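[1] with the input below, show me the fold.
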Amino acid sequence: MNVTGAAALTELLATATSLNPSALFSSSISSWKSYVAPAALGYVLLCRALRYRGEKKLRRDMGFPEGSGREALSHMTNNQAQQIIKYLNAWEFPLFHYTALQFGLFKTYAVESISRLLLATRNLTDPVKSLKRYEDTAALIGEFMINPPDSERTLHAIARINFLHSKYREEGTISNADLLYTLSVFVTEPPRFVRLYEWRSMNDMERCAYGVFWKSIGDAMGIEYKGLLAHDTWRDGLEWADDITVWAKRYEADNMKPSVIANKPAKALMPIITYWLPGFAKPFVEEAVCTLVGDRVREAFMLPEPGIVAGATVYSILVLRRFCLRYLTLPRIFEVKRLGETDAQTGRMHSAFPYGNHPFYIKPTLWNRWGPTAWAVWLYGGELPGDNPEEYMPQGYLWTDLGPRNRMGLGTEEMQADVKKLKANGRGGCPF
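    Presented below is the predicted three-dimensional model:
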C-alpha cells in the first residue's frame, strides 16, 4: 500500500471512530418528525375538508344550498327527497342508515298487537318462514328507497306491500295506528341513529327529505293521519316529521309494555342478529343489542338489563368510530349498491348482497361463489349463492314471489289496479 492510500485509510478510520451513534440516531428521528408531523396534520385537514364536500354538493344539486332558509324546504318534491335519501344510504351513512332500519323494524315488534299478528302468521318465529320474510321486507323497502318514486319498480313494490297488507286490514288484525307507528320508525330512527353514532348529524334538508319521502309512502299505502297526528296539514317535511315523532312517543308510552307476546319475536330475532358470531361472543352482543334498543323497548321485550361493561364497550367503540371517520378517513369512492338490475329476458330482479344471513335472490356469479367473501362464508359453514335453489331462488324474484310462500303467485290483478291508481295520482311532486 502506498503512502497516500495508507493516509486516506487512517483518516477514514479516525472519522468513523469519532462518530457518536446516539447523535446520529437522534438526528434521524428529528428529521423523521419534521416530515411526518406536517404530513399527518395535512392528512387530517384533507379528511376534514373532503368529508363535508359531498354534503355541500348535494345541497347545491338539490337546490337547497346553505342559508337557503326554511321557506325553500316547503317546496321539496318527493323526487328530490328520494335522491337525498338514496345518497345518504349509498354514500354518507350506509352502515347506520341500514342498521337504523333494522332496529326500527325490530322496535315495532315491542308493540303487542304487532307481535301478536307476527306470531299468528308464524312469519317471524318459524325457522324457515322467518328467513324469507326478513329478506322480502328488506327487498321491498329497498326497491322504493333506491328507485325514483314514479319508476315501475317503486310502484310495483308499493303495490305488493299494499296487497300483502290488504288481507290483515280487511280482517281488522292490523290497525291504522299500527301501520302509522311502523311508518314512523322509518322517519325517526335513521336521523336518530345518525345523530348518535355517525360522523355528523343530518341537516335540515336531509331531515325534511325523510318527512317528504315517508309522507308520500304513507299516502300511497292509504294510511290515515286524521285523528292521530296533531295537525291535518303541514308546512313541510320537517313539520310532518316532528308531528309524527311526537305522536310515536305517545303511542310507545301507551302500547309498549312488558309482554310475553312481544318476548317471543325478540327471542326469535336474536339468533338472526348474532348468526355469524362465535358462540362465546353471542351473549355479549345480545347485551350490546339491549343497550342500543333503549330501556322502553328492552323492557317491552322482557329482555335482561345489559351490564355496565357491555354499555361502556359499545359506546366507546362507537365514539372511536365516529372520531376516526370524521378526522382520519377520506370519503368513500364507491357507491354501496344493494339492488341488482332487472333481467331483460326474464324480468326477474336480484339483490346485490343478502340483507339477512342467507343468499336469497343472489346471482351465483363466479365472484359470488369463489370470491374472498364466499370463501369466508364457506369456511364458517354458511350457504353460498346457488346453494339450495328452491329456497333461496338464485334466479331472482318477480313481484309476486315476495311475501309468504302461501301468497306467492297471488295478487297480480290487485297490484296492476294499484299501480294504475298510483300512476294517476302522481308520486314525484310535493306531498304538502
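
[2] please name the residues that touch L50.
    Residues near L50 by C-beta atoms under 8 Å, 6 or more residues apart in numbering: L330, P331. C-beta coordinates here come from the backbone N, C-alpha and C atoms, glycine included.

[3] and if you look at the one 4 residues further on?
    Contacts for G54 were tallied using C-beta under 8 Å, 6+ apart; they are Y87, W91, E92, P331.

[4] V377 too?
    Contacts of V377 by C-beta under 8 Å, 6+ apart are E383, L384.

[5] so what pLDDT did N147 get?
    For N147, the pLDDT comes out at 95.

[6] run a quick neighbour tally on it.
    Using other C-beta atoms under 10 Å, N147 has 18 neighbouring residues.

[7] pretty sure it contacts R153?
    Yes - counting by C-beta atoms under 8 Å, N147 touches R153, with 4.4 Å between them.

[8] give me the element the residue nearest in space to the middle of the chain is part of.
    By C-alpha atoms, centre = their mean, the chain has its centre lying nearest to Y98, at 0.7 Å. Per DSSP states H and E: Y98 is located in helix 94-108.

[9] how about the contacts made by the residue nearest to the centre of the chain?
    Neighbouring residues of Y98 by C-beta under 8 Å, 6+ apart: N89.

[10] can you pull out the helices in the stretch 251-400 of the chain?
    Listed in chain order, the helices of the stretch 251-400 of the chain (DSSP state H, counting those that start in this stretch) span 260-273, 282-293, 295-301, 308-328, 366-370, 372-380, 389-392.

[11] lowest average pLDDT across the ones you listed?
    Mean pLDDT across these is lowest at helix 260-273; the value there is a mean of 90.

[12] what is that one packed up against?
    With contacts taken as 3 or more C-beta pairs under 8 Å, 6 or more residues apart in numbering; DSSP states H and E, helix 260-273 sits against helix 112-121, helix 129-146, helix 282-293, helix 295-301.

[13] ok, the closest residue in space to S115 that isn't next to it in sequence - how many residues close by?
    Nearest non-adjacent residue to S115, counting by C-beta to C-beta, 6 or more residues apart in numbering: A262, 4.5 Å away. Around A262 sit 27 other residues, with neighbours defined as other C-beta under 10 Å.

[14] same question for N263.
    17.

[15] can I assume it is in contact with M302?
    Yes - between N263 and M302 there is a contact at 4.3 Å, judged by C-beta under 8 Å.

[16] quick check: mean pLDDT of stretch 119-138?
    Per-residue pLDDT over stretch 119-138 has a mean of 78.

[17] quick thing: my sequence starts at 696, can you match it?
    In the new count, where the first residue is 696, that last one comes out as stretch 814-833.

[18] what ranges do the helices span in the stretch 796-945 of the chain?
    Taking DSSP H, counting those that start in this stretch as the test, the helices found in the stretch 796-945 of the chain are 807-816, 824-841, 847-866, 871-892, 899-915, 932-950.

[19] would a markdown table of those helices with mean neighbour count and distance to N774 be doable?
    As requested, the helices of the stretch 796-945 of the chain are exported to a markdown table (neighbours: other C-beta atoms under 10 Å; distance: least, C-beta to C-beta, whole Å):
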| stretch | mean neighbour count | distance to N774 |
| --- | --- | --- |
| helix 807-816 | 18 | 31 |
| helix 824-841 | 21 | 13 |
| helix 847-866 | 19 | 11 |
| helix 871-892 | 20 | 18 |
| helix 899-915 | 24 | 10 |
| helix 932-950 | 18 | 13 |
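
[20] figure out which of the ones you listed is closest to K977.
    Across these, K977 has its closest neighbour in helix 824-841 (17.9 Å, C-beta to C-beta).

[21] so how far is I956 from G867?
    G867 sits 18 Å away from I956, going by C-beta to C-beta, to the nearest Å.

[22] quick one, which of those two is more surrounded?
    Higher neighbour count among G867 and I956: I956, with 17 against 7, using other C-beta under 10 Å.

[23] so what's that one up against?
    Contacts were defined as C-beta under 8 Å, 6+ apart; by that measure I956 touches E807, S810, R811, L814.

[24] now do 6 Å
    Shown in contact with I956 (C-beta atoms under 6 Å, 6 or more residues apart in numbering): E807, S810, R811.

[25] between the residues you listed, which is closest to A776?
    Nearest to A776 among those: S810, at 30.9 Å, using C-beta to C-beta.

[26] and the closest one, what pLDDT?
    92.

[27] what's the answer for D899, then?
    96.

[28] tell me where the model's unsure across the protein.
    For the chain, applying pLDDT under 70 flags the ranges 696-728, 818-824.

[29] in stretch 1028-1038, what counts as buried?
    Using 16 or more other C-beta atoms under 10 Å as the test for burial, stretch 1028-1038 gives R1033, L1034, G1035.

[30] redo those residues as JSON lines? Include distance to S896.
    Shown next, in JSON lines, are the buried residues of stretch 1028-1038 (distance: C-beta to C-beta, whole Å):
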{"residue": "R1033", "distance to S896": "23"}
{"residue": "L1034", "distance to S896": "27"}
{"residue": "G1035", "distance to S896": "32"}
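
[31] go through the residues you listed and name the one nearest G1106.
    Closest approach between these and G1106, by C-beta to C-beta: L1034, at 21.1 Å.

[32] list the contacts of the closest one.
    G837, I841.

[33] and the helix holding Y793, how far out from the chain's middle?
    Distance of helix 789-803 from the chain centroid (C-alpha atoms, centre = their mean, to the nearest Å) equals 6 Å.

[34] now do the contacts for E1109.
    Listed by C-beta under 6 Å, 6+ apart, the contact partners of E1109 are F858.

[35] okay, buried residues for the helix or strand hosting it please.
    Element membership of E1109 [criterion: DSSP H and E] is helix 1107-1120. Across helix 1107-1120, burial judged by 16+ other C-beta under 10 Å covers M1110, D1113, V1114, L1117.

[36] ok, so of the residues you listed, who is nearest K921?
    For these, the closest approach to K921 (C-beta to C-beta) belongs to L1117, at 21.2 Å.

[37] CSV please, covering the contacts of I956 and showing distance to E838.
    As requested, the contacts of I956 are exported to CSV (distance: C-beta to C-beta, whole Å):
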residue, distance to E838
E807, 30
S810, 26
R811, 28
